[in-house]
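Peer 1: okay, sequence plus prediction incoming.
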Amino acid sequence: MSTATGAAMRVAVTGSIATDQLMVYPGRFADQLLPDQLDRISLSFLVDQLELRRGGVAANICFGMAALGLRPALVGAVGLDFDDYRSWLERHGVDTASVHVSQNLHTARFVCTTDADQNQIASFYAGAMGEAREIELAPVAARLGGLDLVVISPNDPQAMLRHTAECRDRGYRFMADPSQQLASMADADVRSLIDGAALLFTNEYEKAMTESKTGWSDADVLGRVGMRVTTLGAAGSIIDRVGDAPITVAAVPALQVADPTGGGDAFRSGFVAGMSWGVGDERCAQVGSVLASYVLETVGPQEYTIEPAAFIDRFRATYGDQPASEIEGFVARARA
């Protein structure tokens, strides 16, 4: 939704800010796993590609939103090594004034290896991210003149709980995106993260895990949030609202898949951009799907650029002329 005045939404995106170390293994992980030895795995993969990229879920989401003309406020914790990364984000339209800088720890690092089937094995060093639990949202809201949406994306778990509680206490509308943190969080904490969210984002596997961890059925979960968006990879996405028929949105095929890292983050970026423009749920998901296709074609989650005409052509090729006409003006103004 757009604000009452028609101005762009004031969005704070909380979550991880990290450096990505991305490697490519030319074989298949599955070929190296012995079913009778899974309790004592000791493997080493000889990779043939290494890329160092800027990443972190919150930073990726902000980058994508900024590429579509918004100026989201990034909220997270980093180390003293953040200066170059801050400059990059600011130059691409992201507001970094609410980022907390640790005096003792390095910025978080994501280390990921992708195999020939696009399966991934990853590790994450939290570093300064642990200090995100010290951040309050009220000063962010005061600086921006209010908050229309707070995105709660993967972060230090205590920070996620603190931000969610503050959103409830202060009446900030929030989007729950627990993602990678679902598996490690206590069941009660998962329930706390979701309950009362205006939107809940998961992929298909995380949807099932959410129901398992909370003990709630699909209907129970949907009843506790305003809307549920489930991404299905190449099969697209599904949007559910209580009392409405589900909306299925096709994925936009990438010209080539260079690296899947950050595709889901870009989908969220496009969805929130669509909300800010005031277009309907289906259009929001379609914008997200187009943006995700750009990320899949690049190595690194912030290495793509948007040209309005090409973006609309890609949108039209999958969704048709009328849907494209509804978002064309917004995309054109975003890059003006």
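Peer 2: Yes, it's here.
Peer 1: now the strands for the stretch 101-250 of the chain?
Peer 2: 108-114, 120-125, 149-152, 174-176, 199-203, 228-231, 237-240, 247-249 (DSSP state E, counting those that start in this stretch).
Peer 1: can you pull out the low-pLDDT segments for the chain?
Peer 2: 1-7, 335-336 (pLDDT under 70).
Peer 1: quick one: the helices in it?
Peer 2: For the chain, the helices defined by DSSP state H cover 29-32, 57-67, 83-91, 138-144, 157-170, 187-194, 204-214, 218-224, 263-277, 281-296, 308-319, 321-334.
Peer 1: quick one, which of those helices is nearest to residue 248?
Peer 2: Checking those against residue 248 by Cβ to Cβ gives helix 281-296 as the closest, at 9.2 Å. In this view, the C-beta of every residue, glycine as well, is placed from N, C-alpha and C.
Peer 1: next, the angle from that closest one to helix 263-277.
Peer 2: 140 degrees (axes from the mean of the first three to the mean of the last three Cα atoms, to 10 degrees).
Peer 1: tell me the buried residues in helix 281-296?
Peer 2: Neighbour counts over helix 281-296 (16 or more other Cβ atoms under 10 Å) mark 281-296 as buried.
Peer 1: so that helix versus helix 57-67, what angle?
Peer 2: Orientation check (the same axes, to 10 degrees): helix 281-296 against helix 57-67 gives 110 degrees.
Peer 1: centre of the chain to helix 281-296, how far?
Peer 2: 12 Å (Cα atoms, centre = their mean, to the nearest Å).
Peer 1: next: stretch 304-323.
Peer 2: On Cα atoms, centre = their mean, the centre of stretch 304-323 falls 21 Å from that of its chain.
Peer 1: what do you get for stretch 191-202?
Peer 2: Distance of stretch 191-202 from the chain centroid (Cα atoms, centre = their mean) equals 14 Å.
Peer 1: ends of it, how far apart?
Peer 2: 14 Å (Cα to Cα, to the nearest Å).
Peer 1: cool, and stretch 73-83?
Peer 2: With Cα to Cα as the measure, the first residue of stretch 73-83 is 17 Å from its last.
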